[in-house]
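Participant: coordinates only, no sequence provided:
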DNA sequence: AGTAAGGGTGACCAGGTGGTCACCATGTCT
DNA sequence: AGACATGGTGACCACCTGGTCACCCTTACT
C-alpha cells in the first residue's frame, strides 16, 4: 500500500523540505482556497498524484504544515517566561523574541495573518485557539508576577491588561512583518530594538502628561 | 446600447439596494477571489448577464461597492475633529463613533479586515491607502492639538504617538467586530462604552505603577 | 403600425480546480 | 526468475469559475 502519511516521512529529508517549503509559499501567497496544488507540483517538478499520496488531500497538506508551525510558535515565549528581570524588560524581551521568530518564519506568519480574518481555513478554530491560549497563558503569568511585585498600577483589571498587552504585541509584529508602505501611520524608529523600546515605554507610562 | 454603469443607476433604488446588499454579503463571506457571481445571482433570482451589464466585470462590482464604503468611512471621524473637549475624551469619542459605524456597516468592515492581509483585492493599495491617510490625518490633528495644549507627555514622538493611537483604535474595533470566542484574551468589560473608557484610561496612564 | 432603445436572459465557452487510478520503475526479498 | 512492496506518474473526471452574446420583452416615440 502506498497512500499514507508515512510515505512522506520515509522520503529523503531534503525532498521533504523542498515540498513543504514550496507548499508553504503557495499558502502564504494565496491563502487556503486560492492556493493551487497544480502550481505547487509544477514548481516542484513532481506529479500531482504524489502530493495526494503524501497528504490525502489539500486540507491534509495544510494541516501538516500549520500544525508543525503552531508547535514552533510556542517555543520562543517559554524561554522568556522563565527569565528573571522586571516586568517591562520581560515584555520588551517578548517583543524582540517574537520579532525574531517572524524573521525566521515569515511565510508561516503570513499564513497566520491571512487566517485571522478568513474563515475558510481547515482547522482554523483549533489553530487560532491554540495560539491564543498559549499567548493568554504566557501573558497572564507575566501579569500575575507583576501584580504580586507591585510593578503594575493598582486597580488594573487582569483580563483587560492581558488584552492590552496582546494587542500591542500583535500590532508590533504585524507592523514588523507588513509595514504599511506609504501613509504617515508607521512609527519612525527604524530598528526592531528601537521600536520594541518605544512600545515598552508607552506600555509603562501611557501618553498622558 | 445597454452595458454602462448608467444602466445600474437607472434601476429602481429598491433593486439597486438588493443587488448591492447581496453582493456585499458575498464578498464579506468569501473575500474577493472566492466570491462567486453565480451564487450572487442565484440568491437574487436574476440572470448572470445582468451583473456584467451593470458593472462590466467582477472587479467593477467590487470597486463600486467598496469605493462607496470608503467615502462613508471618513464621515464619522470628521464630526469629532471639530469637537471641543480635552484630548482623551475626544479619543474616547472616536472609539465610540467608529464602533457605531461598524455596527451600522458590519459587512463592509468584514471586507476591510479580509483585505488587510490578502493581497488580491482589486485596487487594494488605493483603498487601504485612502483609509490609512484619512486616519493618519485625523489622529495627527488630534495629537497636534494635544501637544499644543500640553496634554501629552513631553518628548513623545509624533509619528509614534499616531501609530499607537491607530493601533489601539484598530484593535478596539477588531475586537468589537470579531470577538475572539473562547480564550481568555478578550477584555472583561461588556459594553462598548465600558471598553472605550478602559482603553482611554490605558492610553492616558499606561500600565506602570 | 413600425421602429428604436434599453433592461433582462441563460446556454455556452475556455480554463482552472481538487481528486482519482491504472499503470510504471525500482529494489528487495525468496 | 518471480513476487511483492513502495514511490512516482499524468491522463482523466466532474465541477465550478468569470465572462460572452445572440436573442427576447416591454416601453416610448414617431
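Facilitator: Ah, there it is. Fair warning: this is a prediction, and the values are worked out from it, not measured in the lab.
Participant: does chain B sit close to the least confident helix or strand in chain A by mean pLDDT?
Facilitator: Taking mean pLDDT, DSSP states H and E as the measure, chain A has helix A:75-81 as its least confident helix or strand, at a mean of 75. No: Helix A:75-81 lies out of reach of chain B by Cβ under 8 Å from any Cβ of the partner chain, never closer than 13.8 Å. Just so you know, the C-beta spots here come from the backbone N, C-alpha and C atoms, and that holds for glycine as well.
Participant: after that helix comes which helix or strand?
Facilitator: Downstream of helix A:75-81, the next assigned helix or strand under DSSP states H and E is helix A:87-104.
Participant: buried stuff in the helix or strand following that following helix?
Facilitator: Moving toward the C-terminus from helix A:87-104, the next helix or strand (DSSP H and E) is helix A:106-117. Using 16 or more other Cβ atoms under 10 Å in any protein chain shown as the test for burial, helix A:106-117 gives A:107, A:108, A:109, A:110, A:111, A:112, A:113, A:114, A:115, A:116, A:117.
Participant: what do you get for stretch A:43-62?
Facilitator: Neighbour-count burial for stretch A:43-62, counted by 16+ other Cβ under 10 Å, picks out A:44, A:46, A:51, A:52, A:54, A:55, A:58, A:60, A:61, A:62.
Participant: which SS state does the second one fall under?
Facilitator: It stands for residue A:46. Classification of residue A:46 by DSSP: H, G, I helix; E, B strand; the rest coil places it in coil.
Participant: chain neighbours aside, what residue packs nearest to residue A:165?
Facilitator: Nearest non-adjacent residue to residue A:165, counting by Cβ to Cβ, 6 or more residues apart in numbering or on different chains: residue A:139, 4.9 Å away.
Participant: actually residue A:114, not the one I wrote
Facilitator: residue A:31 (4.7 Å).
Participant: next one: residue A:110
Facilitator: In space, residue A:110 is closest to residue A:28, 4.1 Å off (Cβ to Cβ, 6+ apart).
Participant: next, the angle from the host helix or strand of that neighbour to helix A:106-117.
Facilitator: Using DSSP H and E, residue A:28 sits within helix A:13-30. Interaxial angle, helix A:13-30 versus helix A:106-117 (axes from the mean of the first three to the mean of the last three Cα atoms, to 10 degrees): 40 degrees.
Participant: show me the shaky parts of chain A.
Facilitator: Residues of chain A that meet the criterion pLDDT under 70 lie in A:1-3, A:180-189.
Participant: now it against chain B: closest residue?
Facilitator: Residue nearest to chain B within chain A (Cβ to the nearest Cβ): residue A:206, separated by 3.3 Å.
Participant: sorry, back to before: and the helix holding residue A:28 with DNA strand C, contact?
Facilitator: No: Helix A:13-30 does not reach DNA strand C (Cβ under 7 Å from any atom of the strand); its nearest approach is 8.8 Å.
Participant: residue A:171: neighbouring residues, count only.
Facilitator: Other residues lying near residue A:171 total 18 when counted by other Cβ atoms under 10 Å in any protein chain shown.
Participant: and chain A, which of its residues are near DNA strand D?
Facilitator: Contact residues (Cβ under 7 Å from any atom of the strand) of chain A with DNA strand D: A:1-2, A:6-7, A:10-11, A:15, A:46-50, A:52-53.
Participant: with adjacent residues omitted, what lies nearest to residue A:144?
Facilitator: With Cβ to Cβ, 6+ apart as the criterion, residue A:144 has its nearest non-adjacent residue at 7.6 Å, and that residue is residue A:158.
Participant: residues in contact with that neighbour?
Facilitator: Residues in contact with residue A:158 (Cβ atoms under 8 Å, 6 or more residues apart in numbering or on different chains) are A:140, A:143, A:144, A:147.
Participant: ok, the last one - how many residues close by?
Facilitator: Right, residue A:147. 16.
Participant: cool, the first one as well?
Facilitator: Residue A:140 sits with 18 neighbouring residues when counted by other Cβ under 10 Å.
Participant: SS state for it?
Facilitator: State at residue A:140, reduced to three classes by three-state DSSP: helix.
Participant: what helix or strand is the residue nearest to it when sequence neighbours are not counted located in?
Facilitator: Closest residue to residue A:140 apart from its sequence neighbours, by Cβ to Cβ, 6+ apart: residue A:162 at 5.4 Å. Applying DSSP H and E as the criterion places residue A:162 in helix A:158-177.
Participant: tell me the domain ranges of chain A?
Facilitator: With domains defined by automatic domain parsing, chain A comprises A:5-56, A:69-205.
Participant: between these, which gets nearest to residue B:68?
Facilitator: Taking Cβ to Cβ, domain A:69-205 is the member of those nearest to residue B:68, at 21.1 Å.
Participant: okay, how far is it across that closest one, tip to tip?
Facilitator: 35 Å (Cα to Cα, to the nearest Å).
Participant: off-centre distance for that domain?
Facilitator: Centroid separation for domain A:69-205 versus its chain: 9 Å, with Cα atoms, centre = their mean, to the nearest Å.
Participant: next one: stretch A:48-65
Facilitator: With Cα atoms, centre = their mean, you get 22 Å for stretch A:48-65.
Participant: now do it: everything it contacts.
Facilitator: A:2-3, A:5, A:7-8, A:19-20, A:23-24, A:27, A:32, A:35, A:37-38, A:40-41, A:111, A:121-123.
Participant: just the buried ones from the residues you listed?
Facilitator: Using 16+ other Cβ under 10 Å, the buried ones in the contacts of stretch A:48-65 are A:8, A:19, A:23-24, A:27, A:32, A:35, A:37, A:40-41, A:111, A:121-123.
Participant: circling back: so can I have CSV of the buried residues of helix A:106-117 showing distance to residue B:74?
Facilitator: Shown next, in CSV, are the buried residues of helix A:106-117 (distance: Cβ to Cβ, whole Å):
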residue, distance to residue B:74
A:107, 35
A:108, 35
A:109, 31
A:110, 29
A:111, 32
A:112, 30
A:113, 25
A:114, 27
A:115, 29
A:116, 25
A:117, 22
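Participant: kind regards, and thank you for your time.
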